[in-house]
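A.B. asks: Generate a structure from the sequence data that follows.
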Amino acid sequence: MPFHKKIIQLLHFLIIKKTDSGLLQFFRYLIAGGSASAADFLMLFVFYKTLGLNYLIAAALGFLVGVLTNYTINVLIVFESGGKKKTEFSIFALIGIGGLLWTELILWILHDHFSMPVMLAKLFCFVLVLNWNFFMRKKFVFKKTKLVV
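C.D. replies: Numbering: from 1, shown residues only. Predicted coordinates:
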């Protein structure tokens, strides 16, 4: 088999074909979360550094872009949708709001009380919120996944 076909099969297995394997889902979630976080960080930078908005407002706006990106990619490559998109997205967004509250709290503590630069503090938020979002969404939003590799 040609090398490029092997690569395509590997990508299909790792990214395209949905699975209920927690480890593979987490790997894919990292891809989705990484893309969403890139959008979030970019918007935070644009709103805070370029447009001069308050860092907490800029973080909230970045979050909104990130959650939309995250949901879309999660449904495409990570979890099987239960079919009730409005309910599913509502719970997904509520969990994301929990993540946003964690983010805002950690940013406020690290920046205002420990004088850590906003962008560095955001990295600390990322680690906590990534885990919060994955496990909460796996349990409460996409709990009906019954796929096998």
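A.B. asks: distance of the closest residue in space to W108 that isn't next to it in sequence from K86?
C.D. replies: Take W108 and drop its neighbours on the chain: the residue closest to it by C-beta to C-beta, 6 or more residues apart in numbering is L56, 7.1 Å away. Where you see a C-beta, it was placed from the backbone N, CA and C, and this is true even at glycine. Relative to K86, L56 is positioned 29 Å away (C-beta to C-beta, to the nearest Å).
A.B. asks: Compare the two and say which is more crowded by neighbours.
C.D. replies: Between L56 and K86, counted using other C-beta atoms under 10 Å, L56 has the larger neighbour count: 16 against 7.
A.B. asks: Report the mean per-residue pLDDT for the helix or strand containing the residue nearest to W108.
C.D. replies: For L56, the host element (DSSP states H and E) is helix 55-73. Per-residue pLDDT over helix 55-73 has a mean of 88.
A.B. asks: ok, and for it, which residues are buried?
C.D. replies: Neighbour-count burial for helix 55-73 flags 55-56, 58-63, 65-67, 69-71, 73 (criterion: 16 or more other C-beta atoms under 10 Å).
A.B. asks: ok, residues contacting stretch 102-117?
C.D. replies: Defining contact as C-beta atoms under 8 Å, 6 or more residues apart in numbering, one finds that stretch 102-117 is touched by 55-56, 59-60, 63, 118, 120-122, 124-125, 128-129, 132.
A.B. asks: with these in mind, which one is nearest to L23?
C.D. replies: Nearest to L23 among those is W132, at 18.5 Å by C-beta to C-beta.
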